[in-house]
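Q: need a 3D model of the following:
(3 chains)
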Amino acid sequence: MAQLQLRDVRKSYGSVNVIKGVDLEIRDGEFMVFVGPSGCGKSTLLRLIAGLEDITSGDLLFDGVRVNDLAPSKRGIAMVFQSYALYPHMKVYDNMAFGMKLAKAGPDEIRKRVEKAAKMLAIDHLLDRLPKQLSGGQRQRVAIGRAIVRDPKVFLFDEPLSNLDAALRVATRLEIAKLHHEMQNVTMVYVTHDQVEAMTLADRICVLRDGLVMQVGTPTELYERPNSLFVAGFIGSPQMNFVNGQIAKGFNAHTIGIRSEHIVVDNDSPTWRGEVVHAENLGSDNFLFVDIGSEEPVLVRQEGKTAIPWGATIGIRPLSENMHRFDEKGVPIR
Amino acid sequence: MATTAADRSEPPAARPRRSELQAERVRAARLFLLPMLVALALVAAWPLLRTVYFSFTNTSLSNLAGGEWIGFDNYLTWRTLSSGKTIWRGTLVDPAWWNAVWNTFRFAIISVSIETVLGLLVALVLNAEFRGRAIVRAAILIPWAIPTIVSAKLWAWLFNDQFGMVNDMLMSLGLIDHKIAWTANVDTAMYAVLIVDIWKTTPFMALLCLAGLQMIPRDMYEAAKIDGIHPVKVFFRVTLPLVKPALMVAVIFRLLDALRIFDLIYVLTPNSSATKTMSVISRENLIDFDKFAYGSAQSTLLFLIIAISVILYIWLGRVDLGGQKQ
Amino acid sequence: MNAVKTGAFYLAVVVIVVVAVFPFYYAIVTSLKTGTALFEVNYWPREFNFQNYVSVMQQGAFPRNILNSILVATLTVGFALFLGVTASYALARVRFRGRTLLLLTILGVSMFPQIAVLAGLFELIRFLGIFNTPWALVLSYTIFTLPFTVWVLTTFMRDLPVEIEEAAIVDGATPWQIIFKVFMPLMWPALVTTGLLAFIGAWNEFLFALTFTSSNTTRTVPVAIALLSGATQYETPWGIIMAASVIVTVPLIILVLIFQRKIVAGLTAGGVKG
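A: Have a look, this model is predicted:
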């Protein structure tokens, strides 16, 4: 169990400021996801928590104790790397046991912990294999297993699913979610650029941009009450529709935002009329691109299976309770 | 649950303090480097300084500890006779020294140029895919693998004026009409040395060139083929510019190596004024003639020449040796 | 037209192979001849007489010379590798001030003309009382084996993945443990290559061996071969010289052929990447 606190944490490489002052509290046992576009500093922030990089200024506290100067192995953390980082010349068992062997633990205790972790991840039949004999998904589970064996207070994940193919990614995501349930008292910090992973795994999400925290909150909070244009556009797939200009002025805003699932086709009392310029049938949903006279066509998720032909003019209506309004600075008008 | 580290409630430091991890790593690095640095100081720095020191003394081989400081006398000194004539002494006005310098540079430039061109040609051959390529690559490693002394003896035998194969073959081909004393004759000695060195070192250059060639992506050649560019043009416009960086490094290493040459000359053409290089003449003075201090001066001069060449090269080429990719 | 091109190409290949191999082949042919046969030029083997080889091994101290060479080369390479592994970790994986300068200095030392340190080493060796012993050579060879191993091993170390090192750090490994428990097993090929190249360099060394040894029993192979002489000054024992050359070269050639790929990788790592 560990509660993490970051107080005005900054990191610069020479004259380049990568993390520009982050204040964040990560609660005991929660699953916190750092998400953001490339270069926002999420991996750097994770590495600062791990201790693999020095904090330039600011404080990092674990359970109220300042850990800035502690070596990674003394902080009670474990890390799962994007490229698994397994020791190629050691068998799976030795990979997982390495940390404990270095700490001079007894062979019985090592065996107990390794087998327990291996069972948890269903890799107990692979303990005698070398990493190169394993598939990508198996290697990732060994990496997770190695982290579990350390019995850490904080579990760190650095984009662990990026190297896996789509199907494997979903399966492993499930494993990680299961892990969180089974290890309720371990705080987990997870970095990803994929907001779907963030939404499905997180207790809370921290959206980063350019080295600063944009918003912290539960997935629902970020989804329903984004505090900036950037967060509104970053969270949610497909991306929220943004409309400027005259149409937005009509709603007393510089920009309005409405998600595609919050617009309905309504030919009787439409708010907007427009021509269907493109349609995407994904099997489960139909997405219509409707040109209502704004810069970009508006994306509408269509319920029902009635095929609406290209070029047809239809009426659409945004649900007013889900409409977001932003001023010219991107700040929401509530 | 709480860690053992005390809660430090100091005010934030004026400049970032190193974490324990970094401090430990730097400390370990210093420890790891120390033995190596001590070893190098002992076998390289100290002897070099002593050699330079000796060059300013009149030390002799039989009395190493008893040298007296004589300043620049080994390098250059002059005395005016009562007749008004000035006599100059010292290695800087010694014609044997300048002959050695000339020999060394002549040898280095010719051998490295030919080795580079031939090496590139051999590399081009090896870069093509053909049956038996492995055999050829193994074959060219043989001259490189043979110790220099052995090469010298092998070729001394081939160049032997009475029973040597070279004379025999050239005579039967009608290219010469009498047997040539390749290694003894002043006119031909340098050629003999060059031939052996080129034979021995071209494989090394070829391998380096080959590595450079193989780094060129194949699609460049395919694109050129589609465009219908003549192979020779492709070589000069595509291949050569891309191989040049690797080539330049190889050339400079070889040049510096060639300036120091000793073994081949000493064994193949001993005592030949046509091939005596700076290393050879220095050792001759140091050990054979017991002009220890004089030889030290010559060694120092050779060191300076090489040091200046290296500095010039780095300064002109701004070589990136730090390996910033991490 | 194509036939001419292919023909010319294969002609070039044949020329290259013949030129490369002939001198050594001729040495073998010569070493198998004795007596007056040596005074004829034969391109093909005329006889298979091993008398020269027997003489070489019985005459003088040649077997002892071979042992000396092996001893000296092994010791100096072992020493250089040990110092080189730890030094290269520091140079390749730890960021500290002055690192680039240090790398340049090490490169510089390998550029030293050996003659420049001859005088100083001579004094040092006399002072330590190791003149005319293998230790004189082990000491002096360090001037080129050490920078070489450090340089090549640093290049190899740089290429090892950062994340494995970070995983080891998280696991609590000290730098010493990282080198010997995590990196060394991955660097075996590099160590073998570097060791082999340094061994060959030490084996071939002539100047220091010539200057710092003075008796037949302490000499190394290159000096022994260079000084092989016959009963009178007019009688150069070419047959014996060729036999000695073959004896000394065949193991080297075999080693080089076996480790071909690794050697080329090592040479180009030092040359091309440097």
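Q: how about the helices of the chain, start to end?
A: In the absence of a named chain, chain A is used. Along chain A, the segments classed as helices by DSSP state H run A:42-50, A:92-102, A:107-120, A:136-149, A:166-182, A:195-201, A:219-224, A:229-234, A:245-249.
Q: my bad, chain B
A: Under DSSP H, chain B gives helices at B:20-40, B:46-55, B:95-127, B:133-145, B:148-158, B:165-172, B:186-214, B:218-227, B:231-234, B:240-259, B:263-268, B:278-283, B:292-317.
Q: could those helices go into CSV alongside mean pLDDT, distance to A:Leu156 and mean neighbour count?
A: No exception for glycine: its C-beta is placed from N, CA and C like everyone else's. What follows is the helices of chain B, written out as CSV (pLDDT from 0 to 100; distance: least, CB to CB, whole Å; neighbours: other CB atoms under 10 Å in any protein chain shown):
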stretch, mean pLDDT, distance to A:Leu156, mean neighbour count
helix B:20-40, 89, 15, 17
helix B:46-55, 92, 50, 21
helix B:95-127, 92, 47, 19
helix B:133-145, 87, 48, 18
helix B:148-158, 91, 56, 25
helix B:165-172, 83, 72, 16
helix B:186-214, 89, 40, 22
helix B:218-227, 82, 41, 11
helix B:231-234, 80, 51, 12
helix B:240-259, 86, 41, 18
helix B:263-268, 91, 58, 24
helix B:278-283, 92, 59, 26
helix B:292-317, 87, 43, 19
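Q: for A:Gln82, find the nearest of the ones you listed.
A: For those, proximity to A:Gln82 was assessed by CB to CB; helix B:20-40 is nearest, at 20.6 Å.
Q: for the closest one, packing partners?
A: helix C:62-93, helix C:99-110, helix C:134-158, helix C:175-177 (3 or more CB pairs under 8 Å, 6 or more residues apart in numbering or on different chains; DSSP states H and E).
Q: where does the stretch 151-274 of chain C get nearest to chain A, which residue?
A: C:Gly172 (3.2 Å; CB to the nearest CB).
Q: is it true that that residue touches A:Met100?
A: No: look at C:Gly172 against A:Met100 with CB atoms under 8 Å: they stay out of range, at 9.2 Å.
Q: which residues are in contact with whichever residue of chain C sits closest to chain B?
A: Nearest residue of chain C to chain B (CB to the nearest CB) works out as C:Gly120 at 2.7 Å. For C:Gly120, the contacting residues are B:Trp46, B:Pro47, B:Leu48, B:Leu49, B:Arg50, B:Thr51, B:Phe54, by CB atoms under 8 Å, 6 or more residues apart in numbering or on different chains.
Q: turn those residues into JSON lines, including distance to chain C.
A: Output for the contacts of C:Gly120, formatted as JSON lines (distance: CB to the nearest CB, whole Å):
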{"residue": "B:Trp46", "distance to chain C": "6"}
{"residue": "B:Pro47", "distance to chain C": "3"}
{"residue": "B:Leu48", "distance to chain C": "5"}
{"residue": "B:Leu49", "distance to chain C": "7"}
{"residue": "B:Arg50", "distance to chain C": "3"}
{"residue": "B:Thr51", "distance to chain C": "4"}
{"residue": "B:Phe54", "distance to chain C": "5"}
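Q: quick one, domains of chain C?
A: According to automatic domain parsing, chain C comprises the domains C:2-49, C:52-273.
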